[in-house]
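Chemist: Next input, structure requested:
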Amino acid sequence: MKYILMLLLTLSITNAKSQNYKFYDTENYHNKLRLNIKNGEVIQVQDDGYKVTLQEPIEANSTQERFKLIKTENMWNFILLDEFDGRLWQVQFTVDEDAFAGSIPINASRLSNTQSRKFKVEPLISMFQFYLINDENGDMWKFQWSTKGDEYRWIEKLE
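Modeler: Below is the predicted model:
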């Protein structure tokens, strides 16, 4: 009996460590976003089986969980964060085939080069603005995403 319990425990730990995907609920109950937490790929999945890639893989060789989706107040938009280096993308899904679905960089520059999680995102009062925070050294950036165009999408370091 001891051996069976040890085998089950080992299998559950191995399975937990090998997880690559996390599903995120959207406010549109027919859709979920599937994030590959190791490489950053985001796929919109509908309950009728329709799937569309919103973000191609970013870090093809990563073996660690480094990506996270952050919900915004706009039901069609999420923020994709690389928790290791602070890169950010706006990820937008849609059910209208004529509307934009995909991702747009907010910050394409690596703010750090580490192999551990150190960045997090916190909302501001505006639904379009957030803080990007480096938990190791306290550095902060203010950024904005937008549905109006690239000139409304920016990031700036706070001194």
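Chemist: Quick check, residue 124 in contact with residue 130.
Modeler: Yes - between residue 124 and residue 130 there is a contact under Cβ atoms under 8 Å: 6.0 Å. Quick note: C-beta positions are derived from backbone N, CA and C, even for glycine.
Chemist: between those two, who's got more neighbours?
Modeler: Of the pair residue 124 and residue 130, residue 130 is the one with more neighbours under other Cβ atoms under 10 Å, namely 23 against 12.
Chemist: dump the residue contacts of that one.
Modeler: Counting by Cβ atoms under 8 Å, 6 or more residues apart in numbering, residue 130 makes contact with 70, 79, 121, 122, 123, 124, 142, 143, 144, 145.
Chemist: Which helix or strand contains residue 70?
Modeler: strand 67-71 (DSSP states H and E).
Chemist: That strand pairs with which strands, parallel or anti?
Modeler: Here strand 67-71 has these sheet partners by DSSP bridges: strand 77-82 (antiparallel).
Chemist: chain center to the partner strand, what's the gap?
Modeler: Taking the mean of its C-alpha atoms, strand 77-82 sits 4 Å from the chain's own mean (Cα atoms, centre = their mean, to the nearest Å).
Chemist: Now do the shared contacts for residue 124 and residue 130.
Modeler: In contact with both residue 124 and residue 130: residue 142, using Cβ under 8 Å, 6+ apart.
Chemist: about what we covered before: which of the contacts of residue 130 sits closest to residue 54?
Modeler: Nearest to residue 54 among the contacts of residue 130 is residue 79, at 12.5 Å by Cβ to Cβ.
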